[in-house]
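**Q** sharing a model that was predicted from the sequence below.
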Amino acid sequence: MATTAKTIVVQKYGGSSVANLDRLRSVAERVAATARQGRRVVVVVSAMGKTTDELLALARSISPAPPRRELDMLLSCGERISMALLAMALGELGVDAISFTGSQSGILTNDRHSGARIIEVRPVRIQDELERDRVVIVAGFQGMSYKREITTLGRGGSDTTAVALAAALGAEACEIYSDVDGVYSADPKVVPDAHHLPELSYDEMQELAEHGAKVLNAQAVSWARRAGIVIHARQTAGSSRETRIVPGGEADPIRAEGLRARAVTATRTVVQLRTARRGLQALSLLGEEGVALRHSRLVGTGEAASLEATLVRDDLPDWPHTLARLRDLGTDLVCDEEHGTVTAVGAGLGSNARVLAQVGAHLVACGLHPVRMEASSLSLCTWLPHPEVEEATRALHSLLCHE
Ligand code: ASP
Ligand code: MG
């Protein structure tokens, strides 16, 4: 007679949930409770507290533009500390657990150091250990390239580890635990009256993540979309609310017509590059350096091609080196790092001329100085001087985000 296979659940715990040994022990207790319910548990952990930032600072004090390969070797240690300690803590609770690095877990990536993309997951060792009724702890944020090099997945990359593993294991659920109970209509630290969002579509969440929201990583959302996995974003201790990230339905045509957004988010680490000539050469250099672009526009051909490109610096530890190479191209390169972006996300938002005009007018009426606006069907992105970013976030939230 066929036995019913136990369901698999993937739980990911963020850096603040394992920031010290007390918190790590309570995570171990939660994991133990889930395992005792008769479910197979795979736990993905982030580095403890601010470990990743500290390791980065250590590297920067040795070199202003540390080589990405060596940085990956260093940063991947943060998650390994958490995984080993959590496995030990579970052992103390009488739960049989084993920890694996990203490469041991079969997470195969491309060869782009700092910001690698997962290409394939072969979780054979995890499956074997689950069969033995062990809890498997996986170091998030890291994998191995086809050249057998250790890579990291970009800031917030443990989310991606969790979702990609959930997909590969056919998990019943992917739960992402952190210090917040899900996604809000804006960062509550900046916008005190931001409201909790019980549900968001993959499209909306991905757009938010790409424009600066840190609650969930953008690559994680695209994995969830591909595998049709629902992500549950929950709080480790405290609230029982959650945000579910789900396949989206059709955009609501009535809401799309109105002055309405789901959420507003901001990025301060954006860079805008402009060159009036040799745009194609600049683009191929950016490609060689493995720079992911948020937005780009190439106009014209040959020497006369102009380029406008936007990128986010977070996963470019050696950006000064790339910028120096761009300047060496001998073009009239302008590199603007003085502005940040504030983006409203909502279906139909950016394709409505009336909304665009009203948003522009509202920001100016609030005494702010937007320098550009970029619209797509799902979002409306405004650029402002850095000191105005928070005020603009509040202004756009009060204009566009109604409960
Ligand atoms: N530890 C890494 C970071 O701080 C990855 C993660 O937490 O998801 O970005
Ligand atoms: Mg995170």
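**A** Sure, I can see it. Ligands and ions are numbered 1, 2, ... in the order given.
**Q** which bits of the protein sit near ligand 1?
**A** 15, 46-47, 52, 78, 140-141, 155-159 (Cβ under 6 Å from any ligand atom). (Glycine included, C-beta is placed from N, CA and C.)
**Q** which of those sit farthest apart?
**A** Distances among the residues of the chain next to ligand 1 were taken as Cβ to Cβ; the most separated pair is G78 and D159, at 15.1 Å.
**Q** so which of those two has more stuff around it?
**A** Higher neighbour count among G78 and D159: D159, with 31 against 27, using other Cβ atoms under 10 Å.
**Q** OK, contacts around the more buried one?
**A** Contacts for D159 (Cβ atoms under 8 Å, 6 or more residues apart in numbering) come out as 12, 140, 176, 216-217, 219-220.
**Q** what comes up buried for stretch 45-58?
**A** 45-49, 51-52, 55-56 (16 or more other Cβ atoms under 10 Å).
**Q** avg pLDDT for stretch 395-403?
**A** Averaging pLDDT along stretch 395-403 yields 94.
**Q** just the CA trace of it, in CSV.
**A** C-alpha atoms of stretch 395-403 as CSV (Å, rounded to 0.1, in the frame of the first residue of the first chain):
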residue,chain,number,x,y,z
ALA,A,395,3.6,62.9,-0.4
LEU,A,396,3.0,60.1,-3.0
HIS,A,397,1.6,57.8,-0.3
SER,A,398,-1.0,60.3,0.9
LEU,A,399,-2.0,61.1,-2.7
LEU,A,400,-2.1,57.6,-4.1
CYS,A,401,-2.4,54.9,-1.4
HIS,A,402,-5.8,54.6,0.1
GLU,A,403,-6.9,51.6,2.1
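**Q** quick one: buried residues of that stretch?
**A** Buried, per 16+ other Cβ under 10 Å, within stretch 395-403: 395-397, 399-401.
**Q** tally of neighbours for N217?
**A** Going by other Cβ under 10 Å, the residues that sit close to N217 add up to 28.
**Q** what sits against the residue of the stretch 251-400 of the chain found nearest ligand 1?
**A** Here the residue of the stretch 251-400 of the chain nearest ligand 1 is D314; by Cβ to the nearest ligand atom that distance is 8.7 Å. With contact taken as Cβ under 8 Å, 6+ apart, D314 is in contact with 154-155, 269.
**Q** how far away is it from G290?
**A** Applying Cβ to Cβ, to the nearest Å, the value for D314 to G290 is 14 Å.
**Q** do R394 as well
**A** R394 is 36 Å from G290, by Cβ to Cβ.
**Q** equivalent analysis for D53, please.
**A** 22 Å.
**Q** any idea which helix or strand in the chain has the lowest mean pLDDT?
**A** One helix or strand of the chain scores below all others by mean pLDDT, DSSP states H and E: helix 253-257, with a mean of 50.
**Q** how about K214, what does it touch?
**A** G156.
**Q** now do the phi/psi pair for it.
**A** When read as degrees, to the nearest 10, the backbone of K214 gives phi -100, psi -10.
**Q** now do the SS call for the residue of the stretch 251-400 of the chain closest to ligand 1.
**A** Secondary structure, DSSP: H, G, I helix; E, B strand; the rest coil: D314 is helix.
**Q** and for V342?
**A** With three-state DSSP as the criterion, V342 reads strand.
**Q** OK, contacts around it?
**A** Applying Cβ under 8 Å, 6+ apart, the residues near V342 are 264-266, 381-382, 384, 389, 392-393, 396.
**Q** what about the residues you listed, which one has the most neighbours?
**A** V264 (34 neighbours).
**Q** low-confidence regions, this structure specifically.
**A** 1-5, 249-258 (pLDDT under 70).
**Q** just the helices in it please.
**A** 21-36, 51-62, 68-92, 124-131, 158-169, 202-210, 218-227, 253-257, 279-288, 319-328, 353-365, 389-400 (DSSP state H).
**Q** of those helices, flag the one that's most buried.
**A** helix 158-169 (a mean of 28; mean count of other Cβ atoms under 10 Å).
**Q** now the angle from it to helix 68-92?
**A** Here helix 158-169 runs at an angle of 70 degrees relative to helix 68-92 (axes from the mean of the first three to the mean of the last three Cα atoms, to 10 degrees).
**Q** identify the residue spatially nearest to R354, adjacent ones excluded.
**A** Excluding its sequence neighbours, the residue lying closest to R354 (Cβ to Cβ, 6 or more residues apart in numbering) is L259, at 8.0 Å.
**Q** OK, contacts around that neighbour?
**A** L259 sits in contact with 354-355, 358, 399-400, where contact means Cβ under 8 Å, 6+ apart.
**Q** return the member of the residues you listed nearest to R278.
**A** For those, the nearest to R278 is V355 (36.4 Å; Cβ to Cβ).
**Q** my guess is that closest one meets G346, correct?
**A** No. V355 is beyond contact range of G346, at 9.2 Å (criterion: Cβ atoms under 8 Å).
**Q** so who does the most centrally placed residue in the chain touch?
**A** Against the mean C-alpha coordinate of the chain, by Cα atoms, centre = their mean, the closest residue is N217 at 1.8 Å. Neighbour list for N217: 153-160, 209 [criterion: Cβ under 8 Å, 6+ apart].
**Q** roughly how far does it sit from E79?
**A** Taking Cβ to Cβ, one finds N217 at 14 Å from E79.
**Q** need the overlap of contacts for those two.
**A** S158.
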